[in-house]
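*Asks:* Dropping the sequence and predicted coords here.
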Amino acid sequence: MNDKGLLMIISGFSGTGKGTVVNRLLEKYGDFYALSISATTRNPREGEVHGREYFFKTTAEFEAMIADGELIEYARYVDNYYGTPKTYVEERLEEGCNVILEIEIQGALKVKKIFPEAVLIFLFPPSVEELETRLKTRGTETLDIIHERMARACKEIDSAYDYDYVVINDTVENCTDTIHGIINTEKLKVSRQKDFIKKLQDDLKGHYC
Ligand code: 5GP
């Protein structure tokens, strides 16, 4: 079998439940997945811990990371920088872990250019009404912010066509299992199994051809 990990990206509108689904994947399938921790210049929210949710950086620190080539990609989103540190991702992939990037669309499309074999998954809510309800029941956003998020979704949906899969987050359990199914199937693709096929081919040739 191919023992290098697969790079996967999960994006989706604000309120789709990306974080919950990613946490469930990690909880349910353990070391099969590794979550990349991004760097950001935004301030930590209540309960967020440096090195767990994000590496919180000043703008100068973040720009130094860009200059030193430490990021695979970065994007500006709502007046802040967000970026994916390179070393962690490369090391986990080398170890055979399937690395999850939970990042927004501009960054996802940049990663796809650098790693064309990456699998891009766009999480959808079951309906527009459900997305509105989820944003409202979070209870942390004002009506203006909810409206702003819905308007952003309206623009972001155009990019779904550039992704490989659309998965509906109806329930966390279904969505998690669907994503796990996609990743397992992707790993069986001939294009990802070339080394394994070659090895068997050589063994067969050595004995029987
Ligand atoms: P939040 O501030 O709500 O944690 O994240 C805002 C957006 O930034 C989300 O869509 C999240 O997926 C995205 N994001 C988080 N980390 C990265 C990153 O490293 N690169 C990019 N391009 N987007 C990111």
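*Replies:* That came through fine.
*Asks:* what about the helices in this protein?
*Replies:* Taking DSSP state H to define them, one finds helices in the chain at 18-29, 59-67, 86-95, 105-114, 128-138, 143-156, 172-187, 194-208.
*Asks:* so can I have CSV of those helices showing mean neighbour count and mean pLDDT?
*Replies:* Yep, even glycine has a C-beta here, placed from its N, CA and C like the rest. Output for the helices of the chain, formatted as CSV (neighbours: other Cβ atoms under 10 Å; pLDDT from 0 to 100):
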stretch, mean neighbour count, mean pLDDT
helix 18-29, 17, 97
helix 59-67, 13, 98
helix 86-95, 15, 96
helix 105-114, 18, 97
helix 128-138, 15, 91
helix 143-156, 14, 93
helix 172-187, 16, 98
helix 194-208, 10, 94
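*Asks:* if I pick the one residue in the chain that gets nearest to the ligand, what's in contact with it?
*Replies:* Taking Cβ to the nearest ligand atom as the measure, the point where the chain comes nearest the ligand is Gly107, at 2.2 Å. Counting by Cβ atoms under 8 Å, 6 or more residues apart in numbering, Gly107 makes contact with 73-75, 82-84, 101.
*Asks:* near the ligand, from those residues?
*Replies:* Checking the contacts of Gly107 against the ligand by Cβ under 6 Å from any ligand atom, the ones in range are 73, 75, 82-84.
*Asks:* Now distance to His50 too, for these, in JSON lines please.
*Replies:* Output for those, formatted as JSON lines (distance: Cβ to Cβ, whole Å):
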{"residue": "Glu73", "distance to His50": "21"}
{"residue": "Ala75", "distance to His50": "21"}
{"residue": "Tyr82", "distance to His50": "15"}
{"residue": "Gly83", "distance to His50": "15"}
{"residue": "Thr84", "distance to His50": "17"}
